[in-house]
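Visitor: pasting the sequence and the predicted model now:
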Amino acid sequence: MRKFRKIPVIIGPTGSGKTSVAVEIAKEVGGEIISADSRAIYKGMNIGTAKPSAVEQGGVPHFGLDLVEPGERFTVADWKDYAEQKIKEIEARGYLPMVVGGTGLYVDSLIYNYQFNEIVQKSYSDRTEMSSDFVVFGIKWGTNELRERLWQRIEQMFCSELYDETCKLVKRYGWGSQAMKSNIYEYVWKYLNGEMDLKEAKEKAFYRDYHLAKRQMTWFKRNDKIIWLPLDQIKPAVIKYIQDE
RNA sequence: GCUGGAGUCGUCUAGUGGCUAUGACAGCAGACUGUAAAUCUGCCGGGGUUCCCCCAUCGUAGGUUCGAGUCCUACCUCCAGCA
């Protein structure tokens, strides 16, 4: 059994290509993926959250998907406990845990070992050094390239499967939960109801995505230990890092 | 060609004689340790010594007025209707 010294973490804004590159790496090094994504935890939200499909998972075990129903309470603290548990389990089986996702708060709760015992307002400046158990790789894109990718993704997403998914979600959960309101489902629904034309719905969905990507980048900028690389250099860099250990 | 309507920031928009030209979207930057794809903040005509100061600005050019985005005249552009 091989013992890895550090757990690779792959982060990046939405639409940066985390999922596919992580799966490729996992296949080569015997990895299993823990998703750090606050939307992928919800059952029934698949296309609209760009959750990796069975095909996209490519046989690599994924954790952190479909944990709760929309509207159910699931906090950072819950996610941190879950992720730590999974890391132990995966390592016990002799595989490499990989943390992959764009929810900065989730990732930081793990790599900075946030304590949630008591509810105290803390800030970024209060936190301690990043844990040496992890190495963080960030997928870097130029503004225009990322915008183009996000737009392409929106164009592909708007299809009958997404419409079906939206209708099911609305019927089952309504609009009460934050999970529903925060997504592109709102615009899909308005389009389906004739409140927006297709162009407008896609535009709004795109802006929501892009704004999210910007906020994610603002968050990640605080961590100067992140190794930023273009998408096509992530895989070789991560594999080299693992093999050199 | 005639008649009517309209031209305000990248886009849409408020404004009908009075202090500093609204608001939204987009854009930029930032905060954020218990639902974070959430929530929240600043900038957003140009320049500077940036809690302040200077200059510019509502299609263009004039005019009326103490004072004009607002009223008047001409011209330009767009839209609608009539020819």
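Guide: On my side now, so go ahead.
Visitor: give me the contacts around the helix-or-strand element of chain A with minimal mean pLDDT.
Guide: The weakest-scoring helix or strand in chain A, judged by mean pLDDT, DSSP states H and E, is helix A:178-181 (a mean of 84). Identification of contacts with helix A:178-181 by C-beta atoms under 8 Å, 6 or more residues apart in numbering yields A:39, A:42, A:45, A:70, A:71, A:169, A:170, A:173, A:174, A:175, A:186. Yep, even glycine has a C-beta here, placed from its N, CA and C like the rest.
Visitor: surely the fourth one is in a helix?
Guide: No: the assignment for residue A:70 by DSSP: H, G, I helix; E, B strand; the rest coil gives coil, which leaves it out of any helix.
Visitor: in contact with it, which residues?
Guide: A:42, A:43, A:44, A:45, A:169, A:173, A:177, A:179, A:180.
Visitor: same question for the fifth one.
Guide: Residue A:71 is in contact with A:173, A:176, A:177, A:179, A:180, counting by C-beta under 8 Å, 6+ apart.
Visitor: next, give me the two most distant ones among those residues.
Guide: Pairwise distances across those peak at 9.6 Å for A:176 and A:179 (criterion: C-beta to C-beta).
Visitor: now do the buried residues in the helix or strand that the least confident helix or strand of chain A is followed by.
Guide: Heading C-terminal from helix A:178-181, the first helix or strand you meet, by DSSP states H and E, is helix A:185-192. For helix A:185-192, the neighbour count (16 or more other C-beta atoms under 10 Å) marks A:185, A:186, A:187, A:188, A:189, A:191 as buried.
Visitor: which strands or helices does the helix or strand just after helix A:185-192 pack on?
Guide: Once helix A:185-192 ends, the next helix or strand along the chain (criterion: DSSP H and E) is helix A:198-220. Packing contacts for helix A:198-220, counted by 3 or more C-beta pairs under 8 Å, 6 or more residues apart in numbering; DSSP states H and E, involve helix A:104-111, helix A:143-157, helix A:185-192.
Visitor: where does residue A:32 land in three-state SS?
Guide: Residue A:32 - assigned by three-state DSSP - is strand.
Visitor: next up, phi/psi of the residue nearest to it when sequence neighbours are not counted, please.
Guide: Leaving aside its sequence neighbours, residue A:32 sits nearest to residue A:61 (C-beta to C-beta, 6 or more residues apart in numbering; 4.3 Å). Main-chain dihedrals, residue A:61, degrees, to the nearest 10: phi -60, psi 130.
Visitor: would you check how far apart residue A:61 and RNA strand B are?
Guide: Residue A:61 sits 20 Å away from RNA strand B, going by C-beta to the nearest atom of the strand, to the nearest Å.
Visitor: related to what we said a few turns ago, which of the contacts of residue A:71 tops the neighbour count?
Guide: residue A:179 (23 neighbours; other C-beta atoms under 10 Å).
Visitor: on that earlier part again, can you narrow the contacts of residue A:71 to ones near RNA strand B?
Guide: A:177, A:179 (C-beta under 7 Å from any atom of the strand).
Visitor: what score does residue A:128 have for pLDDT?
Guide: Looking at residue A:128, its pLDDT reads 85.
Visitor: longest strand anywhere in chain A?
Guide: Ranked by residue count under DSSP state E, the longest strand found in chain A is strand A:134-140.
Visitor: hey, C-alpha coordinates of that strand in PDB?
Guide: Output of strand A:134-140 as PDB, limited to C-alpha atoms (Å, rounded to 0.1, in the frame of the first residue of the first chain):
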ATOM      1  CA  PHE A 134      -2.800  19.500   1.500                       C
ATOM      2  CA  VAL A 135      -1.400  20.900  -1.700                       C
ATOM      3  CA  VAL A 136      -3.800  23.200  -3.700                       C
ATOM      4  CA  PHE A 137      -3.800  23.600  -7.400                       C
ATOM      5  CA  GLY A 138      -5.900  26.300  -9.000                       C
ATOM      6  CA  ILE A 139      -7.100  26.300 -12.600                       C
ATOM      7  CA  LYS A 140      -6.300  29.700 -14.100                       C
END
